[in-house]
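Peer 1: Here is my input, please return the structure:
(chains A, B, C and D)
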Protein chains: 2
Amino acid sequence: MATEIDTTTTPRIPLTKERVLAAAVALADRDGIQALSMRKLGHELGVEAMSLYNHVANKEAILDGVVDAIMEELEEALGGFDVPSNGSEWKANLRGRILTAREVMLRHKWVPGVIETRTTISPIMMRYFDTSIGILREGGFSYDLLHHAMHAFGSRALGFSQELFEPDGDEDPEQDATVMLERMADQLPYVVGMMAEIVHDDPDTTIGWCDDQTEFEFGLDLILDGLERLRDTA
Amino acid sequence: MATEIDTTTTPRIPLTKERVLAAAVALADRDGIQALSMRKLGHELGVEAMSLYNHVANKEAILDGVVDAIMEELEEALGGFDVPSNGSEWKANLRGRILTAREVMLRHKWVPGVIETRTTISPIMMRYFDTSIGILREGGFSYDLLHHAMHAFGSRALGFSQELFEPDGDEDPEQDATVMLERMADQLPYVVGMMAEIVHDDPDTTIGWCDDQTEFEFGLDLILDGLERLRDTA
DNA sequence: ACCTGAACACCGTTCAAGT
DNA sequence: ACCTGAACACCGTTCAAGT
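Peer 2: All right, here's what the predicted structure looks like:
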């Protein structure tokens, strides 16, 4: 492996939980989340898989740990989790914080998938949500409406949204969406109609794929605007 | 296993792809998605795991297949995928279809997780989306706006939303959200404030857990209302 | 206190062999 | 044509043994 430490010349750096988690993040960034196994992670650190158990309880603890490591990266990117004092600017403030979270997630695209498998909320995650809630509260929302709002955001509060059917890297052209579309065109009148216009709007791309950033911001603004309206009519 | 076929008395029903997929759905319904392994599925059918490969290409094909089986169940629940002729009722029609999809997903809670791992859209899924798009189109939406709308719905179009941190069945009380909340109360002023009011609103439950159905419908209506407004101001 | 090697109980999948 | 048994290349994890 490219990043393996040369144990013959390099004096052995003692293993710590922090080093294990940092190596786990690096491994997932480089080779994808499916490459994050105890054996491969051990190999990356120049150690047997079983040695890792001296520093973390089990693999679940590693997955909890890497999510926390990413939350720390987000806290740094935001300059700390704080509720800004200009409460009336809640919309721009929340929007900006969510788009920063999105940047962090785009740097570690495997993180959303791991977050979805977590069953507990860690303290740092809780602090992130606390200040998100705080921004809404200082923006004049009732706790009742703001609670609904947090549910409405869902994963968007953390900067990602479920893009259903993200096409895989290894593309079998025979079961490509384009091929199916041609073959089923008569059964899919509205999809065909939509595609024709999307492609027209975006002449650079052949098959009119979507700009994820634009779509994310569209959905985010739809929710933010809707919440503002509910706040003002309550 | 309770549902295993008694091969000594029952004449052997020939294995087919349909029987394999039906058994896979039943197994996941009963024991959870993690129980759906080739070996266990074979055992359920009174056959070795390797026999399954005579009827499906591999495990991925089984996962594709069970999603399609659920989509067929949805098609039946909806009485077919059709675009109703009363286009002006688009909002109620789309809302009703999505809530029906949600009922199907609640009958098979493991399905959303499987859908999230799919990389291709199957023909039946495509037909579902085609008619969803059709409802919006006949409701007076431009293809451009309706395309954004589909992205904004995300998984909600299929009746589920990413409930972050769904608490697990096996609850370690020490890392329960309640315990952490007490311990971190001073660092989480807004969460504490919100909780105080949510619990007050809902005196039946001790810790003020959320009604997922209510929250799903809130988010859904927020998006539907926002889209209607955009359609009318465009 | 930390690391290792062997082992256990699982995976998905292949392949040659059976009927 | 369909099913089987053995095997391969992986998993996470336990445990006794090393230093």
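Peer 1: any idea which helix or strand carries residue A:136?
Peer 2: Assigned by DSSP states H and E, residue A:136 belongs to helix A:123-138.
Peer 1: Check which element follows that helix along the chain.
Peer 2: Following helix A:123-138 toward the C-terminus (DSSP H and E): helix A:143-153.
Peer 1: which intervals of chain A have sub-threshold pLDDT?
Peer 2: Within chain A, the ranges that satisfy pLDDT under 70 run A:1-12, A:167-175, A:200-209.
Peer 1: Quick one: the helices in chain A, in order.
Peer 2: In chain A, the segments counted as helices under DSSP state H are A:17-31, A:38-44, A:59-77, A:90-107, A:111-117, A:123-138, A:143-153, A:177-183, A:189-201, A:212-233.
Peer 1: buried stuff in the last one?
Peer 2: Looking back up the chat, that one is helix A:212-233. A:215-216, A:218-220, A:222-224, A:226-227, A:230-231 (16 or more other CB atoms under 10 Å in any protein chain shown). In short, each C-beta sits where N, CA and C put it, glycine included.
Peer 1: how about the residues of chain A near DNA strand D?
Peer 2: Contact residues, chain A versus DNA strand D (CB under 7 Å from any atom of the strand): A:36-40, A:49-50, A:53, A:58-60.
Peer 1: Throw together a ChimeraX command that grabs the buried residues out of these.
Peer 2: In ChimeraX syntax, the buried subset of those is picked out as below (16+ other CB under 10 Å):
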select /A:36,38,40
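Peer 1: that older thread, check which helices and strands the helix holding residue A:136 is in contact with.
Peer 2: Helices and strands touching helix A:123-138, by 3 or more CB pairs under 8 Å, 6 or more residues apart in numbering or on different chains; DSSP states H and E, are helix A:59-77, helix A:90-107, helix A:143-153, helix B:177-183, helix B:189-201.
Peer 1: before we move on, back to that, output the buried residues of helix A:212-233 in a markdown table; the columns should cover distance to DNA strand C.
Peer 2: Formatted as a markdown table, the buried residues of helix A:212-233 follow (distance: CB to the nearest atom of the strand, whole Å):
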| residue | distance to DNA strand C |
| --- | --- |
| A:215 | 32 |
| A:216 | 33 |
| A:218 | 37 |
| A:219 | 34 |
| A:220 | 37 |
| A:222 | 39 |
| A:223 | 38 |
| A:224 | 42 |
| A:226 | 42 |
| A:227 | 43 |
| A:230 | 46 |
| A:231 | 48 |
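Peer 1: could you pick out which of these are near chain B?
Peer 2: By CB under 8 Å from any CB of the partner chain, the members of these lying near chain B are A:215, A:218-219, A:222-223, A:226-227, A:230.
Peer 1: Any chance of those in JSON lines with distance to residue A:21 as columns?
Peer 2: JSON lines is the format used below for these (distance: CB to CB, whole Å):
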{"residue": "A:215", "distance to residue A:21": "32"}
{"residue": "A:218", "distance to residue A:21": "35"}
{"residue": "A:219", "distance to residue A:21": "32"}
{"residue": "A:222", "distance to residue A:21": "36"}
{"residue": "A:223", "distance to residue A:21": "33"}
{"residue": "A:226", "distance to residue A:21": "38"}
{"residue": "A:227", "distance to residue A:21": "36"}
{"residue": "A:230", "distance to residue A:21": "40"}
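Peer 1: Of all pairs in these, which one spans the longest distance?
Peer 2: Spanning the widest gap among these are A:215 and A:230, at 22.9 Å by CB to CB.
Peer 1: JSON lines please, covering the helices of chain A and showing distance to residue B:29.
Peer 2: Below are the helices of chain A laid out as JSON lines (distance: least, CB to CB, whole Å):
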{"stretch": "helix A:17-31", "distance to residue B:29": "32"}
{"stretch": "helix A:38-44", "distance to residue B:29": "31"}
{"stretch": "helix A:59-77", "distance to residue B:29": "25"}
{"stretch": "helix A:90-107", "distance to residue B:29": "33"}
{"stretch": "helix A:111-117", "distance to residue B:29": "20"}
{"stretch": "helix A:123-138", "distance to residue B:29": "31"}
{"stretch": "helix A:143-153", "distance to residue B:29": "27"}
{"stretch": "helix A:177-183", "distance to residue B:29": "29"}
{"stretch": "helix A:189-201", "distance to residue B:29": "31"}
{"stretch": "helix A:212-233", "distance to residue B:29": "32"}
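Peer 1: Could you list which residues are in contact with residue A:133?
Peer 2: Residues near residue A:133 by CB atoms under 8 Å, 6 or more residues apart in numbering or on different chains: A:146, A:150, B:190-191, B:194.
Peer 1: from the residues you listed, which is closest to DNA strand C?
Peer 2: residue B:191 (34.9 Å; CB to the nearest atom of the strand).
Peer 1: neighbours around that closest one, how many?
Peer 2: The local packing of residue B:191 (other CB atoms under 10 Å in any protein chain shown) involves 22 other residues.
Peer 1: Then residue A:90?
Peer 2: Residue A:90 has 23 neighbouring residues, counting by other CB under 10 Å.
Peer 1: is it true that it touches residue A:134?
Peer 2: No - applying CB atoms under 8 Å as the test, residue A:90 and residue A:134 come out as separate, 9.6 Å apart.
Peer 1: How about residue A:81, nearest residue that isn't a chain neighbour?
Peer 2: residue A:131 (4.4 Å; CB to CB, 6 or more residues apart in numbering or on different chains).
Peer 1: do the same with residue A:231
Peer 2: The shortest distance from residue A:231 to any non-neighbouring residue, by CB to CB, 6+ apart, is to residue A:141 (5.5 Å).
Peer 1: backbone phi and psi for residue A:48, please?
Peer 2: As for residue A:48, its main-chain torsions (degrees, to the nearest 10) stand at phi -70, psi 150.
Peer 1: Next up, the contacts around it.
Peer 2: residue A:42.
Peer 1: 10 Å instead, please
Peer 2: When contacts are counted by CB atoms under 10 Å, 6 or more residues apart in numbering or on different chains, residue A:48 touches A:38-39, A:42.
Peer 1: same question, residue A:103
Peer 2: Applying CB under 10 Å, 6+ apart to residue A:103 gives the contacts A:74, A:77, A:159.
Peer 1: which parts of stretch A:111-130 are buried?
Peer 2: Residues of stretch A:111-130 classed as buried by neighbour count (16+ other CB under 10 Å): A:111-112, A:114-116, A:118, A:120-122, A:124-130.
Peer 1: One more: stretch A:104-113?
Peer 2: By 16+ other CB under 10 Å, the buried positions in stretch A:104-113 come out as A:104-105, A:108, A:110-112.
Peer 1: for stretch A:27-35, same thing?
Peer 2: In terms of neighbour count (16+ other CB under 10 Å), stretch A:27-35 has its buried residues at A:27-28, A:33.
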